[in-house]
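In: Predicted model, plus sequence, below.
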Amino acid sequence: MAPDKPQHILLPVRVSTIVASFAVALLLNFLPWRSIALAPDFVALTLAFWCIRQPRLVGLGIGWLLGLLTDVGNGVLLGQHALSYSLLAFGAITLSRRILWFALWGQALHVAALLLVAQAVGTAVRLAAGAEFPGWTLAVGPLAGAALWPVVSAVLLAPQRRPIDVDETRPI
Amino acid sequence: MEHTPPPFFKRGPAPLVRLTFFALLSLALIVIDARFRYAEGLRSALSIATQPLQAVATAPAAVAERISTYFAGQSRLREENAELRAKLLEASQTAQRFEAAAAEAARLRRLIGAAERLPGTVTPAEILYTGRDPFSRKIIVDKGTRNGVRAGSPVLDEWGVVGQVTRVHALFSEVTLLTDKDQAIPVQVVRNGLRAVAFGAGTSGLLELRFLAANAEIVNGDRIVTSGIDGTYPPGVAVATVARVERDTATTFARVFCQPAAAVERGRYVLVLGPEATHPAKPREAAPERELDKRPAQTRRPRRKGPDGAG
């Protein structure tokens, strides 16, 4: 949403869209990925998107709950993703006004930083709990997620876009 | 008169307050789960919500697998058939020999009055996918509590031990591989009966025998099997082969690395052993013996007092 570009007027978001997007993101995360470290975290990405776009609707509580569900589904330490997702939601809400001024790739850079910090927090928790460091491939997932940011924002904003019909008599 | 903001400005607690609350809640959960293992109830309650999603997510892969096997080439099937037939011949011979040996062993055991081991139940299972946690080494298999799988059961494949069931759900269960850093298995060297404990060596995909003295009698190529003294794994199952021994006079222990015998990180099918095989007759508890011991102790006391009183 760079200031020099024309901006679309979006329809108000529906709660059902948000719920459905989180369900689909969880589903994508639960796909049998060959290497989980390389796969983008779709839940984190969707959470970051809604926290940036709708900071009053989606926040830390929802992030925390999604984190718990991810922990249970992945069978990892309970609270690991809950912590990293609440931090991610906090960061996204705090930066939301700033991020929306950038074009899509600028936004993706911000999101990459947010996702990397969230991943680093999860890693720190596991290392503190006695796990072994599995290597720097851990950073690939967040970067892949950030690369998907333009696609994700196009898909998730699609239900809110007003159909463009040319009507000469309408004022807007 | 105090001015309060109108209700449409009220947005609840500040984000930083919320962050502190949720971070503390998560940290409390982490500590409860990692240190005390009290969170299993919450985990199973939440898994009711995640399991349908997981089932849906893994369904396409299963369907794709079914389709690809349907269209598998005729020649490949024929080759595989011949290979399997050869293997079956080999296996039947081994099985015959094993039967004879088992009968002999049973006779001998009866002779020495040892308890006969019950033949255990074996549940074949297919590996669904590898665990979704880059920090540990786990696999998910398609048999759960409904198929009689219990937590703690050993998991084998045709070459040896793969790991141990660490968490069971209704339809699937989680198996921690031998190569996981926290997985330990009591083992024995076949050549000389030396007992040791093998731990996973993490990302290298090897096992490490810890706490072996620097002068322990172990060389490259030694075969290592389960010792069975923990009552979890049946004795005599292949575990690994010694690949590297590092003896350093500066350290008390030798560093012994072994290559796992089973296809720990490659296979597709595994066997989950049932509880009967895993729990041979345990020795009786020491509690009743202590009660018996009390009597002589009590009778001894007056004897000791007797000389004191006399002297």
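Out: Sure thing, it's come through. Worth saying up front: this structure is predicted, and the values here are computed from it rather than measured.

In: Give me the neighbour count for residue 149.
Out: In the absence of a named chain, this looks at chain A. 22 (other Cβ atoms under 10 Å in any protein chain shown). Where you see a C-beta, it was placed from the backbone N, CA and C, and this is true even at glycine.

In: not quite, I wanted chain B
Out: By other Cβ under 10 Å, the residues close to B:Val149 number 24.

In: so what pLDDT did it get?
Out: pLDDT for B:Val149: 88.

In: Equivalent analysis for B:Ala286, please.
Out: 58.

In: From B:Val141, how far off is the nearest residue to A:Leu114 once chain neighbours are set aside?
Out: Residue nearest to A:Leu114 in three dimensions, not counting chain neighbours: A:Gly91, with 4.9 Å by Cβ to Cβ, 6 or more residues apart in numbering or on different chains. Using Cβ to Cβ, to the nearest Å, A:Gly91 is found at 38 Å from B:Val141.

In: by contact count, what packs against the host helix or strand of the residue nearest to A:Leu114?
Out: Element membership for A:Gly91, per DSSP states H and E: helix A:80-99. Helices and strands touching helix A:80-99, by 3 or more Cβ pairs under 8 Å, 6 or more residues apart in numbering or on different chains; DSSP states H and E, are helix A:42-53, helix A:60-74, helix A:104-128, helix B:15-31.

In: would JSON lines of the ones you listed with mean neighbour count, mean pLDDT and distance to A:Gln160 be doable?
Out: Listed next are the helices and strands packed on helix A:80-99 as JSON lines, based on neighbours: other Cβ atoms under 10 Å in any protein chain shown; pLDDT from 0 to 100; distance: least, Cβ to Cβ, whole Å:
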{"stretch": "helix A:42-53", "mean neighbour count": "25", "mean pLDDT": "95", "distance to A:Gln160": "9"}
{"stretch": "helix A:60-74", "mean neighbour count": "23", "mean pLDDT": "92", "distance to A:Gln160": "19"}
{"stretch": "helix A:104-128", "mean neighbour count": "19", "mean pLDDT": "93", "distance to A:Gln160": "16"}
{"stretch": "helix B:15-31", "mean neighbour count": "17", "mean pLDDT": "91", "distance to A:Gln160": "24"}
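
In: ok, A:Ala131 - contacts?
Out: B:Phe135, B:Ser136, B:Lys181 (Cβ atoms under 8 Å, 6 or more residues apart in numbering or on different chains).

In: Which positions within stretch A:86-100 qualify as buried?
Out: Going by neighbour count (16 or more other Cβ atoms under 10 Å in any protein chain shown), the buried part of stretch A:86-100 is A:Ser86, A:Leu87, A:Leu88, A:Ala89, A:Phe90, A:Gly91, A:Ala92, A:Ile93, A:Thr94, A:Leu95, A:Ser96, A:Ile99.

In: Show the pLDDT at the third one.
Out: With respect to pLDDT, A:Leu88 scores 96.

In: ok, it to chain B distance?
Out: Separation of A:Leu88 from chain B (Cβ to the nearest Cβ, to the nearest Å) stands at 11 Å.

In: quick one: contacts for the residue in the stretch 201-311 of chain B positioned nearest to chain A?
Out: Proximity of the stretch 201-311 of chain B to chain A (Cβ to the nearest Cβ) peaks at B:Gly202, 4.4 Å away. B:Gly202 is in contact with A:Glu132, B:Arg137, B:Thr179, B:Asp180, B:Lys181, counting by Cβ under 8 Å, 6+ apart.

In: Kindly report the same for B:Asp142.
Out: If you count contacts by Cβ under 8 Å, 6+ apart, B:Asp142 has them with B:Ala125, B:Glu126, B:Ile127, B:Leu128, B:Leu171, B:Phe172.

In: What average pLDDT does stretch A:20-29 get?
Out: 93.

In: Check the offset of it from the chain's centre.
Out: 11 Å (Cα atoms, centre = their mean, to the nearest Å).

In: cool, stretch A:41-60 as well?
Out: For stretch A:41-60, the distance to the chain centre is 5 Å (Cα atoms, centre = their mean).

In: same thing with stretch A:80-96?
Out: Relative to its chain's centre, stretch A:80-96 lies at 10 Å (Cα atoms, centre = their mean).

In: ok, now stretch A:8-25?
Out: On the basis of Cα atoms, centre = their mean, stretch A:8-25 sits 13 Å off its chain's mean C-alpha point.

In: in that stretch, what's buried?
Out: Neighbour-count burial for stretch A:8-25, counted by 16+ other Cβ under 10 Å, picks out A:Val13, A:Ile18, A:Ser21, A:Phe22, A:Val24, A:Ala25.

In: Any idea how far the helix holding A:Gly91 is from the middle of the chain?
Out: Mean C-alpha position of helix A:80-99 versus that of the full chain (Cα atoms, centre = their mean) differs by 9 Å.

In: Selection in PyMOL covering whichever of the contacts of B:Asp142 are buried, please.
Out: Under the burial definition 16+ other Cβ under 10 Å, those of these that qualify are selected in PyMOL by:
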select buried, chain B and resi 125+127+128+172
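
In: Between the contacts of B:Asp142, which sits nearest chain A?
Out: Within the contacts of B:Asp142, the smallest distance to chain A is 6.8 Å, found for B:Leu128 (Cβ to the nearest Cβ).

In: any idea which helix or strand carries that closest one?
Out: Here B:Leu128 is assigned to strand B:122-130, by DSSP H and E.

In: Starting from A:Leu157, give me the distance back to the residue nearest the centre of chain A.
Out: Ranked by distance to the mean C-alpha position of chain A (Cα atoms, centre = their mean), the top residue is A:Leu45 at 2.1 Å. Distance, A:Leu45 to A:Leu157, by Cβ to Cβ: 14 Å.

In: returning to that earlier point: of the contacts of A:Ala131, keep whichever come out buried.
Out: Neighbour-count burial (16+ other Cβ under 10 Å) applied to the contacts of A:Ala131 gives B:Phe135, B:Ser136, B:Lys181.

In: tell me, which of those residues make contact with chain A?
Out: Counting by Cβ under 8 Å from any Cβ of the partner chain, B:Phe135, B:Ser136, B:Lys181 from these sit close to chain A.

In: now those as CSV including secondary structure?
Out: Below are those laid out as CSV (DSSP: H, G, I helix; E, B strand; the rest coil):
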residue, secondary structure
B:Phe135, coil
B:Ser136, coil
B:Lys181, coil
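
In: Of these, which is the nearest to chain A?
Out: Using Cβ to the nearest Cβ, the shortest approach to chain A within those belongs to B:Phe135, at 3.9 Å.

In: ranges for the helices of the stretch 1-150 of chain B?
Out: With DSSP state H, counting those that start in this stretch as the criterion, the stretch 1-150 of chain B has helices at B:15-31, B:40-70, B:74-112.
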